[in-house]
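Q: Need the 3D shape of this:
(one chain, ligands or ions: 2)
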Amino acid sequence: MKARRGLSLRGRLAVLYAALLVVSLVLVGAYSYWNIWQLFISSKSSHLRARAKPVIAHWLAATGLADAASRSLDRRPGDVLALARDLTSRDAVAVVLDRGGKVLADGRRLPEEPSPPAPDPQYLRRALAGENEVTYRSRVAGEPVLVLLIPLRPRPGSPEILGVVQLSAPLTDINRILFRHGATLIALLAVILILGTAAGFWLIGVSLKDLRRLLTACDQVSRGNLAQRVHPVGRRDEIGQLTEAFNRMTAQLEAAFASQQRFVANAAHELLTPLTGLRGSLEVLLRGAQDDPAAAGRLLRGMYGELSRLIRLCNQLLGLSRLEGAAHVSRRAIALPEFMEAFRVQCEALAADNPLVVETGPDVTVSADPDLLKQVLLNLLSNALRFSASGTPVTIGWKLLPQAVEIWVSDRGPGMDERTRAHAFEPFYRGKNTPATGEKGAGLGLALARSMVAAHGGRMRIESRPGSGTTVYFTLPLQ
Ligand SMILES: Nc1ncnc2c1ncn2[C@@H]1O[C@H](COP(=O)(O)OP(=O)(O)OP(=O)(O)O)[C@@H](O)[C@H]1O
Ligand SMILES: [Mg+2]
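A: Numbers count the residues shown, from 1 in each chain. Ligands and ions are numbered 1, 2, ... in the order given. Coordinates of the predicted model:
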């Protein structure tokens, strides 16, 4: 057996399995990473907002801006700076902007502290329009920062906007945590991938082991070892079914092969008997018997008989092989009552010692090859006549079945024992019962008849018991 190039089934399944594992792990990992990131950002921004709210409320109350005649922030640089400073803490820098977006105050106390990002006009416009929860991400000197914009109103819920407070907090710590989380995730995915692929490879290998045994067995069968069987795997899955089917197939193959060998051996043996007889007679003639005309005539008549037997045998064998290949059946509509009556008249000479009775059945028409039908009836009739004592009747009849017609040939001869009945259809099988006439056939008559009936799609069966006669039934399709 030549191994095919390329990946084995196991390899292909393992690659597919690993690819699926990678895709699903990456999807799960990315989703969890994104979720954690969202969680961090939203918790940080709500924390900053919650801290800023009371500071702003306190500042509004302290400055009395709500009731002041002029509410312009530009006129109160001191108050604005105080607010920016109050809102600036270790983790966030506050900047106060006026309605025009100009920076009024910056809450940093030391100039070396990281500077806040320049206000983004796009988000600033949304905050000035009254949106309370404007949050976005930006970068300062390459570092990521979270920016929150809080509109300043003279009192809570007022539509008037005095300016905007911008809070910015570096995201470096969150990034560091997420980086560590991502690295752990990747390491974990790699471990799962390696372990999963190894386990999958092993599992696939175990499942395919039985398939490989089948492959070896097929190889053995192709080398002619028909006795090859595969030990059942003990499961009802596809491989279990395949194993059973394989064993059934090889058993049938072996039986068919053995029957073919038996057939050839039997055929050769059957041909050899008349040929040996012929050679014996010829030797006697050559040794001088031809000088005695009476002896020579006897020998020649014997040889003629042997030759006739040979020709009959060859014809029977030919008929069998032809029927076992594609059956050449030329069907025609046959009206049974007329056909059977004609058959009885033709056979009257053959059945000189026994009355031939046709039990006329229903007036039906079958679809069959008339020559083959006659041959079947002749084979059955010749058996019945050979086994019937002189004077006992042989009956032919038929009856209607739901989809077919059943025809029978019945005699009151010695019948068959169980073994003969079971094997009577096998080519060359001859029973131990001796025919009334004493002559023995080749054992092909019933095999031929059954092949002919099968070529019409019909079935043949025997009902017989020792001492109570024999009836052979066969079916033919209706027209
Ligand atoms: N009507 C019958 N009564 C008793 N035994 C029968 C009858 N028909 C067949 N058998 C038995 O079945 C065997 C097989 O029959 P089959 O017709 O195939 O072969 P055959 O008659 O021996 O030989 P052939 O038909 O080739 O001349 C016979 O040898 C005989 O033992
Ligand atoms: Mg026969």
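Q: what's the residue in the stretch 301-450 of the chain that ligand 2 sits nearest to in contact with, if anything?
A: Here the stretch 301-450 of the chain gets closest to ligand 2 at one residue, Gly445, 2.6 Å apart by Cβ to the ion. All C-beta atoms are positioned from the backbone trio N, CA, C, and that covers glycine. Residues in contact with Gly445 (Cβ atoms under 8 Å, 6 or more residues apart in numbering) are Gln316, Asn379, Leu380, Ser382, Asn383.
Q: Could you report the distance from it to Asn266?
A: Per Cβ to Cβ, to the nearest Å, Gly445 is found 14 Å from Asn266.
Q: Could you pull up phi and psi at Val96?
A: phi -110, psi 130 (degrees, to the nearest 10).
Q: Just the buried ones from the contacts of Gly445, in PyMOL syntax?
A: Burial among those is assessed by 16 or more other Cβ atoms under 10 Å; the matching PyMOL selection reads:
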select buried, resi 316+379+380+382+383
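Q: The contacts of Gly445 in helices, which ones?
A: Among those, the ones falling in helices (DSSP state H) are Gln316, Asn379, Leu380, Ser382, Asn383.
Q: Lowest-confidence entry in those residues?
A: Minimum pLDDT across those is recorded for Gln316, with 84.
Q: nearest residue to it other than its sequence neighbours?
A: Residue nearest to Gln316 in three dimensions, not counting chain neighbours: Leu444, with 4.4 Å by Cβ to Cβ, 6 or more residues apart in numbering.
Q: Enumerate every residue touching the one you found.
A: Leu313, Gln316, Leu317, Leu320, Pro427, Phe428.
Q: how many neighbours does the fifth one have?
A: What it means is Pro427. 21 (other Cβ atoms under 10 Å).
Q: Next, the buried residues of stretch 84-95.
A: Those would be Ala84, Asp86, Leu87, Thr88, Ala92, Val93, Ala94, Val95, for stretch 84-95 by 16+ other Cβ under 10 Å.
Q: Check the spacing between the first one and Ser70 real quick.
A: The gap separating Ala84 from Ser70 is 20 Å, by Cβ to Cβ.
Q: Then the third one?
A: Counting by Cβ to Cβ, the gap between Leu87 and Ser70 amounts to 23 Å.
Q: one step back: I'd like the contacts of Gly445 as TSV, with distance to His58 appended.
A: TSV is the format used below for those (distance: Cβ to Cβ, whole Å):
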residue	distance to His58
Gln316	122
Asn379	121
Leu380	121
Ser382	127
Asn383	124
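Q: overlap between the contacts of Gly445 and the residues near ligand 2?
A: Asn383 (Cβ under 5 Å from the ion).
Q: Please, where are all the helices along this protein?
A: Using DSSP H, helices in the chain cover 9-63, 77-87, 121-128, 172-222, 238-286, 293-324, 336-347, 370-387, 418-423, 445-455.
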